[in-house]
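Peer 1: what follows is a predicted structure for the sequence shown.
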Amino acid sequence: MQRTINELKAARAKAITQLQELAAKAAGRPLESDEQTTYSKLKAEIEDKDAKVKDLEKLAQEEDSTFINATQKEEMSPMSRYLRYGDVSGLAGGNIDINAAAAQLGLNVRGQDRTGFAPVVPIEYEKEIFKLAKESSLIMQLCRNMPMGSSSKEIPVGKDDTVAKWRAEKGLIEDSAGDLEKKTLKACNLYVLTKITNELIEDASIDVEAYTRENQAAVIGEAIDSKFFSNAPAVDGTSPKGLFDDMNKQALAGATLEYKDVAKLYMGLKQIYRKNGVFVATGDFITDVMTVTDETGRPIFVPSFGTSEPDRLFGKPLYESGQFGNVTVSSANKEAVCVFADWSKIAYGNRRGVTVKRLLETYALNGQIGILSDLRLDACVVLKEATKVLHKK
């Protein structure tokens, strides 16, 4: 199946190249009838290949899932037996010395009373959810990680007016406007609760552990990106603020994307930030930029030929996000389409990893159990001049 996926990606890249060559050939004039037909066919082919690749990659993941037979219970990890059957063997609980057991098994106590019905959840399981959530979130992947040891963390924030000056030997040092400011990261709580029926738990053909881990990690990653890729206001004590309103803003010159829009966005950052710059954009922006050429007719978009490498725009990594929201411009909401930034100048704070709890009694009357995963995090723009968001008029 992987061979088929690779062949589809190669065909997609070939179609993109043909589309770019057609756009370069017709630069400065409307497409002729046959050219317009070819253009439409190529765009449809690219969209078809994208859809097929996504479907096959999803199918491959499903085929790789482990099917657990009930007779394999003794071979399961302690966490698998715990989620499926409530079996606490191998976990610290009951009358066992919880601290000694945690130290012996490498489990995570977190200073809580987890005896009786609340056995310790292995830290490996929590780390796996956190790892998968990071793979689903561009915010977690790209931003500078700032560990938080408490409910809040103050970080220094640079100002755009910081300058260096020359002075004569023993000359006076002039005052500077470049005072450091500070912002506060607050550990807002994000959680996901999955309820599972007892019948589903007892179905030996369903890997409950894998499903909850992958599903919860995916929705956590999506929730993080949809919050921060927006102008959403902070709700005190509940949710953090979106990042877009703290970035420099640029509007599209016209109704459609043009080369000058992308060039201005790229050159809008100083060279020191541009060299580490990364694009994050909507799917529509990426589709449009595939046919954009520079003033010499050369494409500025280069498709990726590997599964682990991103597409490139002006030679910089380009990632797609389906979670873009709005940006505020003159008190009005405008649709954001692309961000170019040195993401190390955006801080992402995480107080701890993911904590997982098994809620047995809460849903017992409904014949269900609950799997609750939660984490605490925040993010903010540290240096505004290192970021720029492109939006529609």
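Peer 2: All right, it came through fine. In this text the structure is predicted, and so the values were computed from the model without any measurement.

Peer 1: who does the longest strand seen in the chain pair up with?
Peer 2: Assignment by DSSP state E gives strand 368-381 as the longest strand of the chain. Partners of strand 368-381 in the sheet, by DSSP bridges, are strand 188-197 (antiparallel), strand 346-350 (antiparallel), strand 355-359 (antiparallel).

Peer 1: quick one: the first one to chain centroid distance?
Peer 2: Centroid separation between strand 188-197 and its chain, computed with Cα atoms, centre = their mean, to the nearest Å, is 19 Å.

Peer 1: how about the last one?
Peer 2: Taking the mean of its C-alpha atoms, strand 355-359 sits 23 Å from the chain's own mean (Cα atoms, centre = their mean).

Peer 1: all helices of the stretch 251-393 of the chain, in order?
Peer 2: 259-267, 271-274, 283-289 (DSSP state H, counting those that start in this stretch).

Peer 1: among the ones you listed, single out whichever gets nearest to A251.
Peer 2: Counting by Cβ to Cβ, A251 lies closest to helix 259-267 out of these; the figure is 8.8 Å. The way it works is simple: take the backbone N, C-alpha and C, and place the C-beta from them, glycine included.

Peer 1: please enumerate residues in contact with that closest one?
Peer 2: Contacting residues not belonging to helix 259-267 are listed as 250, 252-253, 274, 277, 289, 292-295, 300, 313-314, 316, 338, 340, 388, 390 [Cβ atoms under 8 Å, 6 or more residues apart in numbering].

Peer 1: mind listing which of these are in strands?
Peer 2: Taking DSSP E as the definition of strands, the contacts of helix 259-267 contribute 250, 313, 316, 338, 340, 388, 390.

Peer 1: what mean pLDDT does the helix or strand containing L56 get?
Peer 2: Per DSSP states H and E: L56 is located in helix 33-64. Mean per-residue pLDDT for helix 33-64: 83.

Peer 1: quick one: which of the ones in strands among the contacts of helix 259-267 is most hemmed in?
Peer 2: F340 (30 neighbours; other Cβ atoms under 10 Å).

Peer 1: ok so, going back, highest mean neighbour count out of the strands paired with strand 368-381?
Peer 2: With neighbours defined as mean count of other Cβ atoms under 10 Å, those peak in mean count at strand 346-350, which reaches a mean of 22.

Peer 1: centre of the chain to it, how far?
Peer 2: On the basis of Cα atoms, centre = their mean, strand 346-350 sits 13 Å off its chain's mean C-alpha point.

Peer 1: C-terminal to the helix or strand of the chain with the lowest mean pLDDT, what's the next element?
Peer 2: Every helix and strand in the chain was compared by mean pLDDT, DSSP states H and E; the lowest is helix 98-105, with a mean of 45. The first helix or strand that comes after helix 98-105 along the chain, using DSSP H and E, is helix 123-136.

Peer 1: same question for that next one: list its buried residues.
Peer 2: When burial is assessed from 16 or more other Cβ atoms under 10 Å, helix 123-136 yields the following buried residues: 123, 125-126, 128-130, 132-134, 136.

Peer 1: list just the nearest of these to I46.
Peer 2: Distances from I46 to the buried residues of helix 123-136, taken as Cβ to Cβ, are shortest for S136 (24.2 Å).

Peer 1: roughly how far apart are the spatially closest residue to the closest one that is not a sequence neighbour and S321?
Peer 2: Leaving aside its chain neighbours, S136 sits nearest to G221 (2.6 Å; criterion: Cβ to Cβ, 6 or more residues apart in numbering). Using Cβ to Cβ, to the nearest Å, one gets 11 Å for the distance from G221 to S321.

Peer 1: number of residues surrounding E258?
Peer 2: Neighbour count for E258, taken as other Cβ under 10 Å: 14.

Peer 1: does it really touch V292, like I thought?
Peer 2: Yes - applying Cβ atoms under 8 Å as the test, E258 and V292 come out as touching, 7.2 Å apart.

Peer 1: identify the residue spatially nearest to the residue positioned nearest the centre of the chain, adjacent ones excluded.
Peer 2: If you average the C-alpha coordinates of the chain and look for the closest C-alpha using Cα atoms, centre = their mean, you land on S137, 1.6 Å from that point. With Cβ to Cβ, 6+ apart as the criterion, S137 has its nearest non-adjacent residue at 3.7 Å, and that residue is G221.

Peer 1: so where's the stretch 101-250 of the chain uncertain?
Peer 2: The model of the stretch 101-250 of the chain has pLDDT under 70 over residues 101-122, 158-161, 177-178, 204-206.

Peer 1: okay if I get the helices of the stretch 251-393 of the chain as CSV plus mean neighbour count, mean pLDDT and distance to I16?
Peer 2: Output for these, formatted as CSV (neighbours: other Cβ atoms under 10 Å; pLDDT from 0 to 100; distance: least, Cβ to Cβ, whole Å):
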stretch, mean neighbour count, mean pLDDT, distance to I16
helix 259-267, 18, 96, 16
helix 271-274, 14, 94, 25
helix 283-289, 18, 95, 10
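
Peer 1: tabulate those helices (JSON lines), appending distance to A13.
Peer 2: Written out in JSON lines, the entries for those read as follows (distance: least, Cβ to Cβ, whole Å):
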{"stretch": "helix 259-267", "distance to A13": "20"}
{"stretch": "helix 271-274", "distance to A13": "26"}
{"stretch": "helix 283-289", "distance to A13": "14"}
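
Peer 1: how far away is the residue nearest to S137 from G306?
Peer 2: 22 Å.

Peer 1: what's the answer for L190, then?
Peer 2: 32 Å.

Peer 1: what bridges to F301?
Peer 2: Here F301 sits in beta bridges with L313, as judged by DSSP bridges.

Peer 1: run a quick neighbour tally on it.
Peer 2: Counted with other Cβ under 10 Å, the neighbours of F301 add up to 20.
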